[in-house]
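1. Structural data only, the sequence is not supplied:
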């Protein structure tokens, strides 16, 4: 399993990009008992059969790694949901996109720490390519302000997001949103 | 830190641009490529990336870009990082945590000295001695 909840989420964003998505919406809702994730992309999607295979840790399409026998991204999430009273669901339509919904039960002892969400967000924003990523943070109960990050908007202000200088500013910006 | 508005971010960026044009950029672009596949993430690549951003900005280096890639096929040595820059052979470093990331910035990028213990690929053995 991954070290932090953030790592699972970054892994899924990377999946979306590898599936050729150029629009990804990530919504994270924080409640007293856990974190709800909703991720929707317009990548290549999967057929029902491919989707079932993606849930199997001993399946990989063999494209990325010719001699490898495992594909652990989605199985990791299923494992976590099963062992920590969380939830996980995935639906996909070939040629349209994929949608993931998950609940990370932070009150369960077997759920890893949430980890650094600020790092997660700026890293998800700075993969190569010209994709759109919209991240929404929603706090229904603890008094913090909801906020939204739009990659194209931030890129327009900061220029090349891959410059280390832009990354520093981007991280400061996201940290200031997350704190308040 | 008070909540920053997009306008404030724009101003900070403008200030940074000014500083950039005042500084004489030494050499060409440096590229740092970090493996962020499932294996890299599991091994702590997110902290590695934070380490690079911190050290690069602390040293005021303006000509460095950081890219993320999938698995480089060296899962046993994750987190892996490739550094490409003029005057140095392209180098792949393995087992790079935040501490090693700092060393790579300060030795490899700033002083053109390899971080020997973490080299996994590329430069011939006689160069690393």
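-> Now that the structure is in, tell me what you want to look at. The structure displayed is predicted, hence computed values, not measured ones.
2. ranges for the helices of chain A?
-> Taking DSSP state H, the helices of chain A run over residues A:5-18, A:48-54, A:73-83, A:117-125, A:151-158, A:164-179.
3. Would you map the strands across chain B?
-> For chain B, strands defined by DSSP state E occupy the ranges B:30-35, B:64-69, B:81-85, B:88-93, B:119-121.
4. which stretch among these comes nearest chain A?
-> When those are compared by CB to the nearest CB, strand B:64-69 sits nearest chain A, at 4.4 Å. (C-beta placed from N, C-alpha, C; glycine too.)
5. Pull the number of nearby residues for residue B:70.
-> The burial count assigned to residue B:70 is 17, neighbours taken as other CB atoms under 10 Å in any protein chain shown.
6. That one touches residue A:15, doesn't it?
-> No: using CB atoms under 8 Å, residue B:70 is not in contact with residue A:15; the gap is 10.2 Å.
7. near chain A, which residues of chain B show up?
-> Taking CB under 8 Å from any CB of the partner chain as the contact definition, chain B meets chain A at B:1-4, B:6, B:9-10, B:12-13, B:16, B:20, B:32, B:36-38, B:41-42, B:44, B:46-47, B:49-50, B:52-53, B:56-57, B:61-62, B:64-71, B:73.
8. Weed out the non-buried ones from those residues.
-> The neighbour-count criterion (16 or more other CB atoms under 10 Å in any protein chain shown) marks B:4, B:9, B:12-13, B:16, B:32, B:36-38, B:41-42, B:44, B:46-47, B:49-50, B:52-53, B:56-57, B:61-62, B:64-66, B:68-71, B:73 among these as buried.
9. Provide a complete list of residue ranges assigned to helices in chain B.
-> Under DSSP H, chain B gives helices at B:6-22, B:38-42, B:45-58, B:98-103, B:110-111, B:125-128.
10. and the fourth one, what's its mean pLDDT?
-> Per-residue pLDDT over helix B:98-103 has a mean of 96.
11. Can you name every helix or strand that it contacts?
-> Applying 3 or more CB pairs under 8 Å, 6 or more residues apart in numbering or on different chains; DSSP states H and E, one finds that helix B:98-103 contacts helix B:45-58.
12. What of the third one?
-> Judged by 3+ CB pairs under 8 Å, 6+ apart, helix B:45-58 is in contact with helix A:5-18, helix A:117-125, helix A:164-179, strand B:30-35, strand B:64-69, helix B:98-103.
13. For those, give me TSV that also has distance to residue A:83.
-> Below are the helices and strands packed on helix B:45-58 laid out as TSV (distance: least, CB to CB, whole Å):
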stretch	distance to residue A:83
helix A:5-18	13
helix A:117-125	22
helix A:164-179	28
strand B:30-35	27
strand B:64-69	29
helix B:98-103	29
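14. out of these, which comes closest to residue A:93?
-> Closest to residue A:93 of those, according to CB to CB: helix A:5-18, at 14.1 Å.
15. Which of the helices and strands packed on helix B:45-58 sits closest to residue A:143?
-> Closest to residue A:143 of the helices and strands packed on helix B:45-58, according to CB to CB: helix A:164-179, at 12.7 Å.
16. Check the residue positioned nearest the centre of chain B and give its pLDDT.
-> For chain B, the residue nearest the mean C-alpha position is residue B:32 (4.1 Å; CA atoms, centre = their mean). Residue B:32 carries a pLDDT value of 94.
17. wait, isn't it in contact with residue B:83?
-> Yes: counting by CB under 8 Å, residue B:83 is a contact partner of residue B:32 at 5.7 Å.
18. Output the below-cut-off pLDDT ranges for chain B.
-> By pLDDT under 70, the low-scoring segments of chain B are B:19-27, B:122-129.
19. returning to what we had before: bridging residues for the residue nearest to the centre of chain B?
-> residue B:66, residue B:83 (DSSP bridges).
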